[in-house]
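K.L.:
predicted model follows, preceded by the sequence.
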Amino acid sequence: MRLRWSVIPRLVLLAVLVAFLWHPAWFAPLLRPLTENGAPAIYDQGSLAVLTLHHLEIVAVATLAAAVLAIGMAVLVTRPAGREFLPLARSLVNVGQTFPPVAVLALAVPILGFGDRPTLIALFLYGLLPIFENTLTGLSTLPPAVMDAALGVGMTGRQRLWQVELPLAAPIILAGIRLSVVISIATATIGSTVAASTLGAVIIAGLTSNNLAFVVQGGLMVGALAILVFDGLRAIEAALARRSGLVLA
């Protein structure tokens, strides 16, 4: 019963978000007090639904690329032959945290031009660290008894990796991906400063026209997406933890 009641606020939030995306005019009376001089209460320079889908697409592509590289590097440095590359791998994944996304955009635009590509690069670099560190932790803290049992039944290194190590570490790895995704959902908004099609366009339009209604609706949509995606991945993470016999705090 507690689980059911905990899901209800998320379902309500999802329903409100979907209603706002497909029928934003319904919410105009709520936002109109935030406007001045007859300015529109609802963003009218493009489809909110299309912007939201494209925002999520950019985040998904960047996170997938970051996950492939970060998990691959973590697997490499936890193998006997790759342990010496751990300092180098850590230096690489820290690049995104060293340079703010705005700086990455500024460096990428002269090379890649305006549009989605500079934003993808920034989100990719920014998402590496949490996925790498969580994967490294998950693969480095496996129960020794389980690893000894896998070795005792004659599993090869590849079999242990795919059938034992990665499944057991999956909840911790997914926690890193979850953190990366939530960070990227918020960070992707700045991509609109270089003409990327994200929800940041709504916020920027509000700032440039002094329309608080645009700023509020853009911020609320990004926040709602972050909450819903966070909770969805958290549920998957908990299911994997139960399946692995682990307790998720």
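P.N.:
On my side now, so go ahead. Numbering: from 1, shown residues only.
K.L.:
where does the residue lying closest to residue 191 once chain neighbours are set aside sit: helix, strand or coil?
P.N.:
Among residues not flanking residue 191 along the chain, residue 119 sits closest, at 3.2 Å (CB to CB, 6 or more residues apart in numbering). Where C-beta positions appear, they are placed from N, C-alpha and C, glycine not excepted. Here residue 119 is helix, with the state taken from DSSP: H, G, I helix; E, B strand; the rest coil.
K.L.:
ok, residue 119 - contacts?
P.N.:
Residues near residue 119 by CB atoms under 8 Å, 6 or more residues apart in numbering: 58, 62, 105, 188, 190-191, 194, 196, 198.
K.L.:
keep only those of those that are in helices.
P.N.:
For the contacts of residue 119, the ones inside helices are 58, 62, 105, with DSSP state H as the criterion.
K.L.:
pretty sure the second one is touching residue 187, no?
P.N.:
Think residue 62. No. Residue 62 lies out of contact with residue 187 (CB atoms under 8 Å); the separation is 9.4 Å.
K.L.:
adding distance to residue 90, write the contacts of residue 119 out as CSV.
P.N.:
Shown next, in CSV, are the contacts of residue 119 (distance: CB to CB, whole Å):
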residue, distance to residue 90
58, 26
62, 20
105, 24
188, 25
190, 26
191, 27
194, 29
196, 29
198, 30
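K.L.:
quick revisit: got any residues that touch both of residue 62 and residue 187?
P.N.:
residue 123.
K.L.:
neighbour count winner among these two?
P.N.:
A side-by-side neighbour count of residue 62 and residue 187, using other CB atoms under 10 Å, places residue 62 first with 25 against 22.
K.L.:
contacts only, for the more buried one.
P.N.:
With CB under 8 Å, 6+ apart as the criterion, the residues that contact residue 62 are 119-120, 123-124, 127, 184.
K.L.:
which SS class is the most centrally placed residue in the chain?
P.N.:
What sits nearest the mean C-alpha location of the chain, by CA atoms, centre = their mean, is residue 181, with 0.7 Å. What three-state DSSP gives for residue 181 is helix.
K.L.:
you'd agree it is up against residue 233?
P.N.:
Yes. The pair residue 181 and residue 233 passes the contact test of CB under 8 Å, sitting 6.6 Å apart.
K.L.:
residue ranges in the chain under the pLDDT threshold?
P.N.:
When residues are selected by pLDDT under 70, those of the chain lie in 1-6, 244-249.
K.L.:
recalculate using a threshold of 80.
P.N.:
Low-confidence segments of the chain, defined by pLDDT under 80, are located at 1-7, 96-97, 99-101, 147-148, 150-151, 154, 157, 240-249.
K.L.:
longest single helix anywhere in it?
P.N.:
Looking across the chain with DSSP H, the single longest helix is helix 212-244.
K.L.:
how close does the closest residue to residue 24 other than its chain neighbours get to residue 138?
P.N.:
Leaving aside its sequence neighbours, residue 24 sits nearest to residue 42 (CB to CB, 6+ apart; 4.5 Å). Plainly put, residue 42 is 44 Å away from residue 138 if you go by CB to CB, to the nearest Å.
K.L.:
neighbour-wise, which of those two wins?
P.N.:
Under the neighbour definition other CB under 10 Å, residue 42 and residue 138 were set side by side, and residue 138 has more, 23 against 18.
K.L.:
name the SS class of that one, please.
P.N.:
Put simply, residue 138 is helix when judged by three-state DSSP.
K.L.:
for the nearest residue to it once chain neighbours are set aside, give its distance to residue 175.
P.N.:
Setting aside the residues directly before and after it, residue 138 is nearest to residue 169 in space (CB to CB, 6+ apart), at 3.0 Å. Distance, residue 169 to residue 175, by CB to CB: 10 Å.
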